[in-house]
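Enquirer: After the sequence you'll find the predicted model.
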Amino acid sequence: MNKKIKIKSILSGDFNDEIVVIKGWVRTRRDSKGGFSFVELNDGSTFDNLQIIAPDALPNYESDVKKLLTGSSVEAKGKITESQGKGQAVEMLAESIKVHGFIDEDYPMHKQRMSFEHLRDNAHLRPRTNSFGAVARVRNAAAMSIHEFFQLRGFLWVSTPLITASDCEGAGEMFKVTTLDLKNPPLNEGGEVDFHEDFFNKPSYLTVSGQLNVENYACSLGDVYTFGPTFRAENSNTSRHLAEFWMVEPEMAFADLDDDMDLAEEFVKEVISSTIKKCPRDLAFFDKRIQPGLIQSLEHVVSSKFARITYTDAIDIFLKSGQKWEFPIEWGNDLQTEHEHYLTETHFKKPVIVYDWPTSIKPFYMRVNDDGKTVRAMDVLVPRFGEIIGGSQREERLDILDKRIEEQNMNKEDYWWYRDLRRFGSVPHSGFGLGFERLMLFLTGMSNVRDVIPFPRTPGNARF
């Protein structure tokens, strides 16, 4: 019986002497003087290709097979046999090869190594390369591991809105959503744009975080999480910034900061460990070609007990280190990448959770400590990367929450529904946020966040 089989299954299973059908894209074709061609085929299911031996006895050998170029799509039928050459355990002896699509001469993907910048310009085709096929499989595995982690612990997945009227971070870096005629917007008596005429009857934006919304569900259902796209209108062209990215945001009712730190440590370890198991060949590629020592560094995080120190103690470590810093060390300043690397790679030599941060540099929703100077916030730092998670215990006391909103010059009435959680059965609750693309950078060793998301959105770039 002919079987349509994924290449991953062929390479990992026992299909010797079976007739199967595979479909995929040509990576290379090499013609032999012995009257046959070697065709390397990949279908995206695994990093590795399957070698197809196409004999010149095939009726379309001259007309089709010898015209196959990198990127051509084919359907091959043949017997799986033990390979006679080096580099693969099995190969296919083709009985037939059907070409679904040939390649035009201006095909921008080549057999030779191409720059990542060139591949970003061809993001619609770059998944066909080794690097981006591997990125896609690791991204899929990590996303599934995240859902598995929370589902197995009884968390409920909540879909939070992408369109909002609230600014979670209070930074104002939000994309406006409107149906108004920008060339001739309606004006009110004061000469300002009259958003009462807009679709939502008020200024609306793409969300920067699902946290505030998911807190609503945590305060009704207990343990919940959201995992979806978020947006920042931040005009930054660095290798760490995107205008559209994905966030993982769990929230737990009746939980304090210690519970939050416990969950974050367990989460990081489990997702990394699970992804290592699911994508060994892809991670081996990244370890060899992108970031030497990658797998060892990932395994080190999984096996480590995370250090936990207060922000104040971290500042003391920096001041006593004798190091010269590019960015000044002073209580009240945010930590920079150089400080995060020092803690994780030099001082502790393992992941670190820094908690109890200055009130002045953290958002309004974080619970204020009794000292009035710090909040119950935490950042998870990992070696080779720096901050990978940020979280906090939320401020459950209405009077203090209102004070924090006013201190940050925000409109209290815009958050009436969020404040209601503190009026109607308030509970201590905690959560964190993890930028999925940041996790992807850490998992793959890739250096630019634009290379770990299928279609990057950055200032001046909304192609594809």
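Expert: Yep, that arrived. Residues are numbered from 1 along each chain as shown.
Enquirer: got any ranges where the stretch 151-300 of the chain has weak pLDDT?
Expert: 168-172 (pLDDT under 70).
Enquirer: What ranges does it have for its strands?
Expert: For the stretch 151-300 of the chain, the strands defined by DSSP state E, counting those that start in this stretch cover 156-157, 163-164, 176-177, 204-206, 223-231, 244-253.
Enquirer: Mind listing what's buried along the fourth one?
Expert: Applying a neighbour-count criterion of 16 or more other Cβ atoms under 10 Å, the buried positions in strand 204-206 are 204-206. C-betas here are computed from N, CA, C, even on glycine.
Enquirer: of those, closest to Arg289?
Expert: Leu206 (35.6 Å; Cβ to Cβ).
Enquirer: In the stretch 201-350 of the chain, what residue spans correspond to helices?
Expert: Under the criterion DSSP state H, counting those that start in this stretch, the stretch 201-350 of the chain contains helices at 211-221, 257-278, 280-289, 294-303, 311-320, 337-341.
Enquirer: One more: the stretch 1-150 of the chain?
Expert: Ranges of helices in the stretch 1-150 of the chain, per DSSP H, counting those that start in this stretch, are 7-12, 116-120, 130-152.
Enquirer: List the buried residues for the first one?
Expert: Same thing as helix 7-12. Judged by neighbour count (16+ other Cβ under 10 Å), helix 7-12 contains these buried residues: 7-8, 10-11.
Enquirer: closest to Asp260 among those?
Expert: Checking these against Asp260 by Cβ to Cβ gives Lys8 as the nearest, at 37.8 Å.
Enquirer: Was I right to think the closest one contacts Phe47?
Expert: No: distance between Lys8 and Phe47: 9.0 Å, which falls outside the contact criterion (Cβ atoms under 8 Å).
Enquirer: I'd like the buried residues of helix 7-12 laid out as a markdown table, including distance to Ala142 and pLDDT.
Expert: Converted to a markdown table, the buried residues of helix 7-12 look like this (distance: Cβ to Cβ, whole Å; pLDDT from 0 to 100):
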| residue | distance to Ala142 | pLDDT |
| --- | --- | --- |
| Ile7 | 22 | 96 |
| Lys8 | 18 | 95 |
| Ile10 | 25 | 94 |
| Leu11 | 22 | 93 |
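Enquirer: Show me which pair in those residues is furthest apart.
Expert: Between all members of the buried residues of helix 7-12, the farthest pair (by Cβ to Cβ) comes out as Lys8 and Ile10, at 7.3 Å.
Enquirer: winner for burial among the strands of the stretch 151-300 of the chain?
Expert: Among the strands of the stretch 151-300 of the chain, strand 244-253 has the highest mean neighbour count (mean count of other Cβ atoms under 10 Å), at a mean of 23.
Enquirer: elements contacting it?
Expert: If you count contacts as 3 or more Cβ pairs under 8 Å, 6 or more residues apart in numbering; DSSP states H and E, strand 244-253 packs onto helix 211-221, strand 223-231, helix 257-278, strand 429-435, helix 436-444.
Enquirer: Looking at the ones you listed, which is nearest to Glu192?
Expert: Glu192 sits nearest to strand 223-231 of all those, at 24.4 Å, using Cβ to Cβ.
Enquirer: Need the contact partners of the closest one.
Expert: The set of residues external to strand 223-231 that reach it, using Cβ atoms under 8 Å, 6 or more residues apart in numbering, is 143, 146-147, 150, 153-160, 162, 174-175, 206-210, 213-214, 217-218, 243-253, 436.
Enquirer: Spell out, range by range, the strands that occur in the stretch 351-464 of the chain.
Expert: Assigned strands in the stretch 351-464 of the chain, in chain order: 352-358, 374-382, 386-393, 429-435 (criterion: DSSP E, counting those that start in this stretch).
Enquirer: for the longest one, the distance to its chain's centre please.
Expert: I take that to be strand 374-382. 20 Å (Cα atoms, centre = their mean, to the nearest Å).
Enquirer: Run the angle between that strand and helix 257-278 for me.
Expert: Using axes from the mean of the first three to the mean of the last three Cα atoms, to 10 degrees, the interaxial angle of strand 374-382 with respect to helix 257-278 works out to 20 degrees.
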